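# return atomic coordinates for the entry below.
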Amino acid sequence: MALDLVAVDAMGGDHGCGTVVKGVIEYLKEHSGVRIALVGKERLLKKELKKNGVEENESLMVIDAPSEVSMRDQFL
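Numbers count the residues shown, from 1 in each chain. Modelled structure (predicted):
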């Protein structure tokens, strides 16, 4: 059975990526059958995972997205 994949913008929170990473770790402890891809600055996300004693695995991966869109960026 294939696991559902959910991508999470780990850099978009008001309190930094640490809060998002902790929330994802807690979610995965209680829910099986889902994979989560943390999307954001790989170096920072891996640092947060390590701080929480977690490594990437079949349920949790990091996708590097080094660029960011700020509130000051113009569109169209």
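# can you give me the buried ones in the helix of greatest length in the chain?
In the chain, taking DSSP state H as the definition, the longest helix is helix 17-30. Under the neighbour-count criterion of 16 or more other CB atoms under 10 Å, helix 17-30 has 17, 18, 20, 21, 24, 25, 28 buried. Glycine gets a C-beta too; all of them are placed from N, C-alpha and C.
# of those residues, closest to residue 73?
Among these, residue 17 lies closest to residue 73 (CB to CB), at 19.7 Å.
# tell me where the protein has helices.
Counting by DSSP H, the helices of the chain are 17-30, 42-51.
# the shortest one vs helix 17-30, what angle?
Read that as helix 42-51. 50 degrees (axes from the mean of the first three to the mean of the last three CA atoms, to 10 degrees).
# show me what helix 42-51 is packed against.
When contacts are defined as 3 or more CB pairs under 8 Å, 6 or more residues apart in numbering; DSSP states H and E, helix 42-51 packs onto helix 17-30, strand 60-64.
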